[in-house]
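>>> Show me the folded form of this:
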Amino acid sequence: MKFDLLSTDDKTRARAGRITTAHGQIETPVFMPVGTAGSVKAINQQDLLEKVKAHIILGNTYHLYLRPGLEVIKKAGGLHKFIGWDLPILTDSGGYQVYSLAQRRKLTQDGVWFQSHIDGSRHFFSPENVIDTQRVIGADIVMAFDECTPYPCDYDYAKKSMELTHAWLKRCCSHFDKSNNNYGYTQALFPIVQGSVYKDLRKISADIAAETNREGIAIGGLSVGEPHDIMYEMTDLVCNILPQNKPRYLMGVGTPENMLECISLGVDMFDCVMPTRNARNGMFFTYDGVINILNEKWKFDYSAIDPNGESYVDNYYSKAYLRHLFVSKEILGPMIATAHNLTFYISLINQARKQILKGNFERWKAGIISKLTNRL
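Prediction:
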């Protein structure tokens with residue numbers, strides 16, 4: 001994997017760059033749709049490519065390990081071939097799922113015992129077998145195994161958790177360097193910065209992640225319930241430490257406003273389930289604000305969902321018709337909403353990139369961000 005930093009904004013730390021992988025190039029900043037189990041919910045791969053214009057998607061090691069299982073993926077020739085997606089893929093190591101399975105896990109220095117959410121069967125994840133699993137999946141960018149700290153947590157817990165993540169990182173790097181990709185192309189390993197909301201811990205973790213000298217670095221343990229101003233503070237601190245010549249991936253963030261604010265702090269990569277999950281509940285993101293299509297006020301509104309949007313899909317469906325689909329529980333409603341929201345997110349990030357390259361990012365962000373948070 002190669003990262004080229006093409007431009008930085010004069011008034012903020014916003015960056016425009018390009019990541020080159022074995023499966024294609026990724027223009028940054030970038031938003032990655034979440035395809036947890038090898039599928040971005042309610043949209044097919046052709047529409048992701050041609051309508052949404054996604055250049056990379058995310059999969060999850062925990063979910064893919066459980067179902068369909070590594071044997072199925074390996075016999076297919078890797079996840080790219082199994083799902084029919086020939087562009088880059090990134091996989092999360094499963095650390096967040098370990099965090100979310102607090103009642104179904106046992107954490108040790110060696111790794112984590114956990115129960116499957118599907119059938120209750122017991123499994124063990126270690127730094128080594130998580131790397132092996134991601135080798136079988138075959139993603140272009142893979143994550144080191146970490147423990148994602150909850151919010152809130154006390155300082156001692158956050159410190160011990162961070163130290164465990166660092167011990168696992170060392171083992172991940174060692175095992176990754178000894179192992180080979182199964183499908184004839186290279187993969188990149190990203191360490192994950194942890195430390196909860198404690199500045200000194202975040203600094204230590206950022207320094208250790210940078211010292212691994214991997215192709216990129218992820219920032220984890222944020223967007224887990226902490227206030228937005230704390231998330232921005234931690235992101236700002238970490239981005240000030242991380243090397244300029246590596247892409248920075250802020251995991252699980254977030255709203256359109258969150259992404260623009262974090263781009264201004266120096267983040268290059270984002271993923272979040274919000275555009276797809278909220279789409280299935282009738283929430284549409286637009287340049288004028290957020291629409292809950294189930295509200296009665298849209299019943300006789302025959303205007304387009306986002307008349308000020310640029311190149312958004314399915315804008316010829318009126319608000320009234322979209323509301324009808326959701327009220328009637330027609331499958332088409334969530335499908336249209338998903339395509340629309342993903343297109344909005346990616347289009348917004350692409351606009352941010354253009355403004356960075358033009359040297360106008362700060363002014364553009366100030367003019368647009370207040371509209372994005374409107375509840376229409």
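>>> Point out where the stretch 101-250 of the chain drops to low pLDDT.
101-102 (pLDDT under 70).
>>> let's go with 80 and repeat that
101-104 (pLDDT under 80).
>>> Determine how far the longest helix along the chain lies from the middle of the whole chain.
Criterion DSSP state H: the longest helix present in the chain is helix 332-358. Relative to its chain's centre, helix 332-358 lies at 14 Å (CA atoms, centre = their mean, to the nearest Å).
>>> gap between the helix or strand following it and the chain center?
Moving toward the C-terminus from helix 332-358, the first helix or strand encountered (DSSP states H and E) is helix 361-372. Centre-to-centre, helix 361-372 and its host chain are 22 Å apart (CA atoms, centre = their mean).
>>> Just the buried residues of the longest helix of the chain, please?
For helix 332-358, the neighbour count (16 or more other CB atoms under 10 Å) marks 333-353, 355-356 as buried. C-betas here are computed from N, CA, C, even on glycine.
>>> Look up phi and psi at the residue nearest to the spatial centre of the chain.
The centre of the chain sits closest to D271, judged by CA atoms, centre = their mean, with a distance of 1.8 Å. Dihedral pair for D271: phi -140, psi 150, per degrees, to the nearest 10.
>>> Find the residue closest to A304 in space, skipping its chain neighbours.
N315 (4.7 Å; CB to CB, 6 or more residues apart in numbering).
>>> My guess is that neighbour contacts N308. True?
No. N315 lies out of contact with N308 (CB atoms under 8 Å); the separation is 10.2 Å.
>>> Between those two, point out the one with more neighbours.
N315 (16 against 10; other CB atoms under 10 Å).
>>> Tell me which residues touch that one, please.
304-307, 309, 340 (CB atoms under 8 Å, 6 or more residues apart in numbering).
>>> Which of the three states applies to it?
With DSSP: H, G, I helix; E, B strand; the rest coil as the basis, N315 sits in coil.
>>> I'd like the distance between it and A339.
Plainly put, N315 is 11 Å away from A339 if you go by CB to CB, to the nearest Å.
>>> Please report the distance of E27 from R135.
Taking CB to CB as the measure, E27 falls 27 Å from R135.
>>> out of those two, which sits in the more crowded spot?
R135 (21 against 15).
>>> Helix or strand: which one has the more buried one?
Going by DSSP H and E, R135 is part of helix 127-137.
>>> now swap in R18 and tell me
Using DSSP H and E, R18 falls in strand 15-21.
>>> Please export the C-alpha coordinates of that strand as CSV.
Written as CSV, here are the backbone C-alpha positions of strand 15-21 (Å, rounded to 0.1, in the frame of the first residue of the first chain):
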residue,chain,number,x,y,z
ARG,A,15,-5.5,16.9,3.9
ALA,A,16,-6.2,15.5,0.4
GLY,A,17,-4.3,12.4,-0.6
ARG,A,18,-4.4,9.1,-2.5
ILE,A,19,-4.0,5.6,-1.2
THR,A,20,-2.9,3.0,-3.7
THR,A,21,-3.7,-0.7,-3.1
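>>> Mind giving me the packing neighbours of whatever helix or strand comes next after it?
Sequence-wise, the next helix or strand downstream of strand 15-21 (DSSP H and E) is strand 24-28. Counting contacts by 3 or more CB pairs under 8 Å, 6 or more residues apart in numbering; DSSP states H and E, strand 24-28 packs against strand 15-21, helix 332-358.
>>> of all these, which lies closest to N60?
helix 332-358 (17.5 Å; CB to CB).
>>> Report how many residues lie close to T28.
26.
>>> G138 now?
27.
>>> repeat for K106
Neighbours around K106, by other CB under 10 Å: 11.
>>> That one contacts R122, correct?
No. K106 is beyond contact range of R122, at 9.4 Å (criterion: CB under 8 Å).
>>> can you list residues touching both of the two?
By CB under 8 Å, 6+ apart, the residues touching both K106 and R122 are 113-114.
>>> Now do G78 against W85, distance only.
The value you get for G78 to W85, if CB to CB is used, is 10 Å.
>>> what's near enough to touch the residue sitting furthest away from the middle of the chain?
Relative to the C-alpha centroid of the chain, counting by CA atoms, centre = their mean, F300 is the outermost residue, at 36.3 Å. If you count contacts by CB under 8 Å, 6+ apart, F300 has them with A320.
>>> Can you give me the pLDDT of it?
pLDDT, F300: 98.
>>> Where does it sit: helix, strand or coil?
Under three-state DSSP, F300 comes out as coil.
>>> Is A218 in a helix, a strand, or coil?
strand.
>>> okay, now it: neighbour count?
25.
>>> The one 3 residues further on too?
Here the neighbour count serves as a burial measure; for G221 (other CB under 10 Å) it reads 33.
>>> surely it meets C148?
Yes. Between G221 and C148 there is a contact under CB under 8 Å: 5.4 Å.
>>> what separates the helix or strand harbouring H166 from the chain centre, distance-wise?
Secondary structure assignment for H166, by DSSP H and E: helix 155-178. Helix 155-178 sits 21 Å away from the centroid of its parent chain (CA atoms, centre = their mean).
>>> repeat for stretch 252-265
For stretch 252-265, the distance to the chain centre is 11 Å (CA atoms, centre = their mean).
>>> Then stretch 38-50?
16 Å.
>>> Buried residues in that stretch, which are they?
Buried residues in stretch 38-50 (16+ other CB under 10 Å): 38, 40-43, 45, 47-48.
>>> With stretch 239-256 instead?
Buried residues in stretch 239-256 (16+ other CB under 10 Å): 239, 241-242, 246-256.
>>> right, and the pair among the buried residues of stretch 38-50 with maximum separation?
G38 and D47, at 15.8 Å, using CB to CB across those.
>>> Which residue, other than its chain neighbours, is closest to M269?
Y249 (3.8 Å).
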